[in-house]
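A.B. asks: coords below, sequence missing:
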């Protein structure tokens, strides 16, 4: 009876495909969007707290803005407005 496992070359190609997909720009974009949403939630929670930690709030907002800029740059690189 033969084994139903794929040949080693096919198995290796599948693993490499998964690794490549984990580091794709689209995957990075998804991760950054999730991080941006997490920062939004953290900022909202911190703003509702008393006493207000102004320094931490400022740092989170700055980080969120930098992340928003990275997201916008990657989106523009993945979907240019003008045809190449």
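C.D. replies: Sure, I can see it. Bear in mind that the values here come from a model prediction, so they are computed numbers and not experimental data.
A.B. asks: regarding residue 50, what is its secondary structure?
C.D. replies: At residue 50 the chain is in coil, as set by DSSP: H, G, I helix; E, B strand; the rest coil.
A.B. asks: and if you look at residue 37?
C.D. replies: Going by three-state DSSP, the secondary structure assigned to residue 37 is helix.
A.B. asks: mind listing what it touches?
C.D. replies: In this structure, residue 37 makes contact with no residue, judged by CB atoms under 8 Å, 6 or more residues apart in numbering. The way it works is simple: take the backbone N, C-alpha and C, and place the C-beta from them, glycine included.
A.B. asks: ok, so what distance separates it from residue 29?
C.D. replies: The spacing between residue 37 and residue 29, counted by CB to CB, to the nearest Å, is 13 Å.
A.B. asks: go on, residue 71?
C.D. replies: Taken as CB to CB, the spacing of residue 71 relative to residue 29 amounts to 7 Å.
A.B. asks: give me the helices and strands touching the helix or strand harbouring residue 60, please.
C.D. replies: Under the assignment given by DSSP states H and E, the secondary-structure element containing residue 60 is helix 54-78. In this structure, helix 54-78 makes packing contacts with helix 25-48, judged by 3 or more CB pairs under 8 Å, 6 or more residues apart in numbering; DSSP states H and E.
A.B. asks: please identify the buried residues of the helix it packs on?
C.D. replies: Across helix 25-48, burial judged by 16 or more other CB atoms under 10 Å covers 29, 32, 36, 39, 43.
A.B. asks: stretch 59-73 now?
C.D. replies: Applying a neighbour-count criterion of 16+ other CB under 10 Å, the buried positions in stretch 59-73 are 60, 64, 67, 71.
A.B. asks: I'd guessed the first one sits against residue 47; true?
C.D. replies: No: with the criterion set as CB atoms under 8 Å, residue 60 and residue 47 do not qualify as a contacting pair; they are 9.6 Å apart.
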